[in-house]
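In: A structural model of the following input is requested.
(one chain, ligands or ions: 2)
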Amino acid sequence: MADYISKAESCAIDRQIQQDKKLLKSKPGILLIGTSGSGKTTLLKQVKILHEGGFSATELAKFRPIIFQNVLDSAQAMVMYMRNAGLACVNVENITHCEKILKYTFDVSSGSPQNIYLSTEITNAICCMWADPIMVKIMEDNLDKLRLMDNTRYFLNNIHVIGKMGYTPNQTDALYAYQKTEGLTKTEMRIGSVKMDISELGGLHYGHEKLFRFFENMSAIMFFTAISDYDKEDWACRNRLGESIVLFEAVVNSPWFSHSSIILYLNKLDLLIENLPEVPLKQYFTDYTGGNDLNKAIKYILSLFMKVNRAGLRVFSHAARVIDPSDTCVGLLSIVIKEAILENSLKDHQIL
Ligand SMILES: Nc1nc2c(ncn2[C@@H]2O[C@H](COP(=O)(O)OP(=O)(O)OP(=O)(O)O)[C@@H](O)[C@H]2O)c(=O)[nH]1
Ligand SMILES: [Mg+2]
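Out: Numbers count the residues shown, from 1 in each chain. Ligands and ions are numbered 1, 2, ... in the order given. Predicted coordinates:
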């Protein structure tokens, strides 16, 4: 005997199919969150370079004033540090160069930030200061006290190119350029076969938890932390890694994210590798006992984050260097996103 289904049951099945179609068609939403400078925008740039053919010439030109500003900020920070620490350049002529660097401001009278440039005189002053023997010593001995941007070494090492007339940034320069993201930005991206909306919530800090409710339906939350920040302080003299853990605690225990997959990105691994032998982790986190061992340091820092995961959410973690195109972070992103979508879909159908 044939099995018949009622009209009501048939309609219910049709409705379910339509819902499933919508679910499969709707783009997954990813939220990038984390303290300022942890690498969120750099991930977006890296996806663009690796999966969308990179920045066009017009887009690259827009990074020029940002890079000039980064160069000047770094050079001025070095001079200020020397002043405050009572240090001076080894070559006496560099003392005048330092004076020039400190006084330099961009001429913004033309109105457009695109028109700012580094004069030949200031380029030369920065070149000479950066080549002074005191710089090597400062960068080696005082890295934890300098409060420099992480792109300082890269841009100052390339000052002779950046300061040339007609300089146009290349794709790597664009990756290193830093401009704070204000508020929320949303970008549509495709990684392999997956199309997704990636939103970045820029420079998050305490008190921003009230914004979380707007991201309730995200497929995945990618939390960024700069793993090399264990020795850095923010402007309120708080340890930056500690600040990042406090923020992660708010994210991972938030009821608004209890249905999202959480990906913890321990970024700036390259800088941790450089820093660890120079600045002991134990100096800042006294219960750490692993010395210079990189794996032990990563495991310890990860455990600090996991300790605050009171809600017991499943957290994917990955130690990465977003700046490096050969790093697997972007490929991993697509795998994790696919897994997150599948998991959420199974949850929605009460299979999980
Ligand atoms: N060495 C190194 N530098 C990195 C890495 N990831 C990002 N950076 C640099 O760190 C700086 C800050 O990166 P962003 O991606 O702009 O940081 P953000 O999280 O978007 O910061 P806000 O917009 O202020 O919230 C930039 O100069 C990047 O080039 C990394 O893996 N290694
Ligand atoms: Mg940003």
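In: Ala319 versus Leu31, what's the distance?
Out: Separation of Leu31 from Ala319 (Cβ to Cβ, to the nearest Å) stands at 21 Å. (Each C-beta comes from the backbone N, C-alpha and C, glycine too.)
In: okay, those two: which has more neighbours?
Out: Per other Cβ atoms under 10 Å, whichever of Leu31 and Ala319 has more neighbours is Leu31, with 24 against 21.
In: The more buried one - that's part of a strand, no?
Out: Yes - using DSSP: H, G, I helix; E, B strand; the rest coil, the secondary structure at Leu31 is a strand.
In: In this structure it contacts Ser199, no?
Out: Yes - proximity of Leu31 to Ser199 meets the contact threshold set by Cβ atoms under 8 Å, at 5.2 Å.
In: Who are the contact partners of Gln76?
Out: Ile101, Leu102, Tyr104 (Cβ atoms under 8 Å, 6 or more residues apart in numbering).
In: Which of these are buried? Put it as a PyMOL command.
Out: Buried residues among the contacts of Gln76 (16 or more other Cβ atoms under 10 Å), as a PyMOL selection:
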select buried, resi 101+104
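In: In helices, which of the contacts of Gln76 fall?
Out: Among those, DSSP state H puts Ile101, Leu102 in helices.
In: Just put the contacts of Gln76 in a markdown table and tack on pLDDT and distance to ligand 2.
Out: Below are the contacts of Gln76 laid out as a markdown table (pLDDT from 0 to 100; distance: Cβ to the ion, whole Å):
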| residue | pLDDT | distance to ligand 2 |
| --- | --- | --- |
| Ile101 | 96 | 27 |
| Leu102 | 94 | 28 |
| Tyr104 | 91 | 26 |
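In: for the stretch 201-350 of the chain, which spans come out with low pLDDT?
Out: Applying pLDDT under 70 to the stretch 201-350 of the chain flags residues 203-207, 327-350.
In: all strands of it, in order?
Out: Counting by DSSP state E, counting those that start in this stretch, residue ranges of the strands within the stretch 201-350 of the chain are 220-226, 261-267, 315-319.
In: Tell me which of those sits most buried.
Out: Of all the strands of the stretch 201-350 of the chain, strand 220-226 has the most neighbours on average by mean count of other Cβ atoms under 10 Å, namely a mean of 26.
In: which residues are common contacts for Leu31 and Ser199?
Out: Shared contacts of Leu31 and Ser199, defined by Cβ under 8 Å, 6+ apart, comprise Phe215, Met218.
In: Quick check: residues of the protein near ligand 1?
Out: 34, 36-42, 149-151, 175-176, 178, 180-181, 202-203, 224, 267-268, 270-271, 321-323 (Cβ under 6 Å from any ligand atom).
In: hmm, 5 Å instead?
Out: 36-42, 150-151, 176, 178, 180-181, 202-203, 268, 270-271, 321-323 (Cβ under 5 Å from any ligand atom).
In: Of the residues you listed, which qualify as buried by neighbour count?
Out: 36-42, 150-151, 176, 178, 181, 202-203, 268, 270-271, 321-323.
In: Helices along the stretch 201-350 of the chain, start to end?
Out: Along the stretch 201-350 of the chain, counting by DSSP state H, counting those that start in this stretch, helices occupy 240-252, 269-275, 294-307, 329-348.
In: Tell me the buried residues in the shortest one?
Out: Same thing as helix 269-275. Leu269, Asp270, Leu271, Leu272, Asn275.
In: what sits against the second one?
Out: If a contact means Cβ under 8 Å, 6+ apart, then Asp270 has Arg321, Ile323, Asp324 as its contacts.
In: of all those residues, which comes closest to ligand 2?
Out: Nearest to ligand 2 among the contacts of Asp270: Ile323, at 13.5 Å, using Cβ to the ion.
In: what residues are up against the closest residue to ligand 2 within the stretch 51-200 of the chain?
Out: Nearest residue of the stretch 51-200 of the chain to ligand 2 (Cβ to the ion) works out as Thr181 at 3.1 Å. The contact partners of Thr181, by Cβ under 8 Å, 6+ apart, come to Lys40, Thr41, Glu200, Gly202, Gly203.
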